[in-house]
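> Task: produce atomic coordinates for the following.
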Amino acid sequence: MRRNTSITLLSVGHACVDVYQGAVASLVPFFVAERAYSYAAVSGIVLAASLLSSVAQPVFGALTDRWAMPWLLPVSTLLGGLGIALSGVSGNYGLTLVFVAVSGIGVAAYHPESARVARLTSQGSHSAMSWFSLGGNLGFASAPLLVAAIVATGGLRLTPLLVLPALAGSVLCLPVLRALGQRKTAGAGAVLPARDDDRASFVKLSLAVVCRSIVFVGLSTFISLYVKQRMDGSAAAGTTALFLLYLGGAIGSVLGGSLANRWDRVTVCRWSYLLTVGAVAGVVFVPGPALYLFVTLTSAGLYVPFSLQVTLGQDYLPSRVGTASGITLGLTVSIGGLVSPVVGGIADATSLRTALAPLILMPALSWLLFRNLPEPSPKLSTSVEQGEPSSPRPGAAAPPKGDDTDAALSPTRPDHR
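I've put the predicted structure just below:
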């Protein structure tokens, strides 16, 4: 299978999974309307989706560093869809938390393995990885439209229909997995680390992603309700704002890959976060329809670094690619969900504007953390296309002859220090 075809299928599958991350925030107004949940209560639902996911993603990443687990892609996709599909069936708050937590585990299991497979398939291309990330952004962007189309017509009792993207995504990933199996049989080359781990830089990068997560999850949880307040109670206005928040991410992801081909990833991320500071301030304080422009700019600014941060994390921890993917795509992103109840509590005690104002500081902190980060040199060796053996760094263990793709599916670790 050609690289572009595999990346396209992975991107669409990524969209089918990330629909369920976006669906949690998209369901918030319906939980408030039908069940009279408070801001703190709906924040708890977002927390339930994020808490187990935040812990589970690095665990799944560590597991996939040791063993090839490509079967996680279809299984986790189905699990993510099933949890959201059941979330509206019961009016019991505790069961709702359990169901969205199940969805969060499915999402957690998907991302480390899919990011590693995408990096292998893309052969280190920033543009290809940005297209993979674009799929997730489109999934986020379509979530409010999908939820509104289904739930607004028949209420929360129709949430079982939301399982349909999961069914589609689980089928779409199968040809990619089949192609990986064929490459294993053909003895395709592995991707081997060519440098030592830079743990200090990885920690700084992870903290920057945490700050990005806090502002994005905070806005995605409350932007619909906030814009509804600002636009005279229009539910359509709130749905439009949430859609733009997710759609801007799609624009930012593709733009990030293109910019990284001209400048280094660290520089692109640094400037993006600096510009996002003003965009978030516009969301909170600028009145009128201009609010929509600032929502779009905020989303684009937060997502320009997204795929670049994933590959930076993999390059800072070349011997632990799955773990790096699990942390940058999972733990750090999910921490935003842990902070959302604090935002909800402040909003209950004061106002949504007061609660959202501190989010302006988050991209500024990300900018500060990126100021001293190094740009790793592109030294990943691949022999997938050329059919030539890769050259690991001195002291690295050589891959087994005739079974290189086992290492590609479960990246070779040169040592276990």
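
> Below-threshold pLDDT in the stretch 151-300 of the chain: ranges please.
180-195, 232-234 (pLDDT under 70).

> And the helices in it, which stretches?
164-172, 174-186, 199-230, 235-260, 265-285, 290-303 (DSSP state H, counting those that start in this stretch).

> looking at those, which is closest to Ser38?
Closest approach to Ser38 among these is made by helix 199-230 (11.5 Å; Cβ to Cβ). Just so you know, the C-beta spots here come from the backbone N, C-alpha and C atoms, and that holds for glycine as well.

> Give the rounded mean pLDDT of the strand or helix carrying Val343.
Using DSSP states H and E, Val343 sits in helix 332-349. The pLDDT scores in helix 332-349 average 76.

> relative orientation of it and helix 199-230 in degrees?
Interaxial angle, helix 332-349 versus helix 199-230 (axes from the mean of the first three to the mean of the last three Cα atoms, to 10 degrees): 40 degrees.

> which secondary structure elements does the helix or strand following helix 332-349 contact?
Sequence order places helix 352-356 as the next helix or strand after helix 332-349, per DSSP H and E. Helix 352-356 sits against helix 199-230, helix 265-285, helix 332-349, with contacts defined as 3 or more Cβ pairs under 8 Å, 6 or more residues apart in numbering; DSSP states H and E.

> Let me have the ones you listed in CSV, extended by distance to Val304 and mean neighbour count.
Shown next, in CSV, are the helices and strands packed on helix 352-356 (distance: least, Cβ to Cβ, whole Å; neighbours: other Cβ atoms under 10 Å):
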stretch, distance to Val304, mean neighbour count
helix 199-230, 11, 23
helix 265-285, 4, 21
helix 332-349, 15, 21
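
> got JSON lines for these, with distance to Leu9 too?
Below are these laid out as JSON lines (distance: least, Cβ to Cβ, whole Å):
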{"stretch": "helix 199-230", "distance to Leu9": "26"}
{"stretch": "helix 265-285", "distance to Leu9": "25"}
{"stretch": "helix 332-349", "distance to Leu9": "23"}
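
> mind putting the helices of the stretch 151-300 of the chain in JSON lines, distance to Leu373 included?
Shown next, in JSON lines, are these (distance: least, Cβ to Cβ, whole Å):
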{"stretch": "helix 164-172", "distance to Leu373": "33"}
{"stretch": "helix 174-186", "distance to Leu373": "32"}
{"stretch": "helix 199-230", "distance to Leu373": "6"}
{"stretch": "helix 235-260", "distance to Leu373": "14"}
{"stretch": "helix 265-285", "distance to Leu373": "5"}
{"stretch": "helix 290-303", "distance to Leu373": "17"}
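
> do you know which of those helices lies nearest Val147?
helix 235-260 (8.7 Å).

> Show me the one of the helices of the stretch 151-300 of the chain that comes nearest Ala152.
Using Cβ to Cβ as the measure, helix 235-260 is the one of the helices of the stretch 151-300 of the chain that comes nearest Ala152, at 8.2 Å.

> Could you list the buried residues of that closest one?
235, 237-257, 259-260 (16 or more other Cβ atoms under 10 Å).

> hang on, the earlier thing: and for the helix holding Val343, what's in contact with it?
The contact list for helix 332-349 (Cβ atoms under 8 Å, 6 or more residues apart in numbering) reads 38-40, 42-44, 46-47, 49-51, 53-54, 57, 104, 108, 206-207, 209-210, 213-218, 221-222, 354-356, 359.

> quick one: which of the helices and strands packed on helix 352-356 is nearest Val171?
helix 332-349 (26.0 Å).

> Nearest residue to the middle of the protein?
For the chain, Leu329 is the residue whose C-alpha lies nearest the centre (Cα atoms, centre = their mean; 5.1 Å).

> Thought Ser54 was touching it, still the case?
No: counting by Cβ atoms under 8 Å, Leu329 sits too far from Ser54 to count as a contact (11.1 Å).

> And the helices of the stretch 151-300 of the chain: which comes nearest Ala149?
Ala149 sits nearest to helix 235-260 of all these, at 10.3 Å, using Cβ to Cβ.

> Just name whatever secondary elements that closest one is in contact with.
By 3+ Cβ pairs under 8 Å, 6+ apart, helix 235-260 packs against helix 3-35, helix 126-154, helix 199-230, helix 265-285, helix 290-303, helix 306-316.

> can we see that at 6 Å?
With contacts taken as 3 or more Cβ pairs under 6 Å, 6 or more residues apart in numbering; DSSP states H and E, helix 235-260 sits against helix 126-154, helix 199-230, helix 290-303, helix 306-316.

> Tell me what angle the longest one forms with helix 235-260.
Interaxial angle of helix 199-230 relative to helix 235-260 (the same axes, to 10 degrees): 150 degrees.

> How about the contacts made by Leu134?
If you count contacts by Cβ atoms under 6 Å, 6 or more residues apart in numbering, Leu134 has them with Ala250, Ser253, Val254.

> what residues are up against the nearest residue in space to Gly256 that is not next to it in sequence?
Sequence neighbours aside, Val304 is the residue nearest to Gly256 in space, at 4.0 Å (criterion: Cβ to Cβ, 6 or more residues apart in numbering). By Cβ under 6 Å, 6+ apart, the residues touching Val304 are Gly252, Leu255, Gly256, Ser272.

> quick one: the third one and Leu308 touch, right?
Yes: under the contact definition of Cβ atoms under 6 Å, Gly256 touches Leu308, with a separation of 5.3 Å.

> just to revisit the earlier point, if we ignore the residues flanking it in sequence, what's nearest the residue nearest to the centre of the chain?
His111 (4.2 Å).

> Could you check which helix or strand contains the one you found?
helix 93-122.

> List the buried residues of that helix.
Within helix 93-122, judged by 16+ other Cβ under 10 Å, the buried ones are 96-122.
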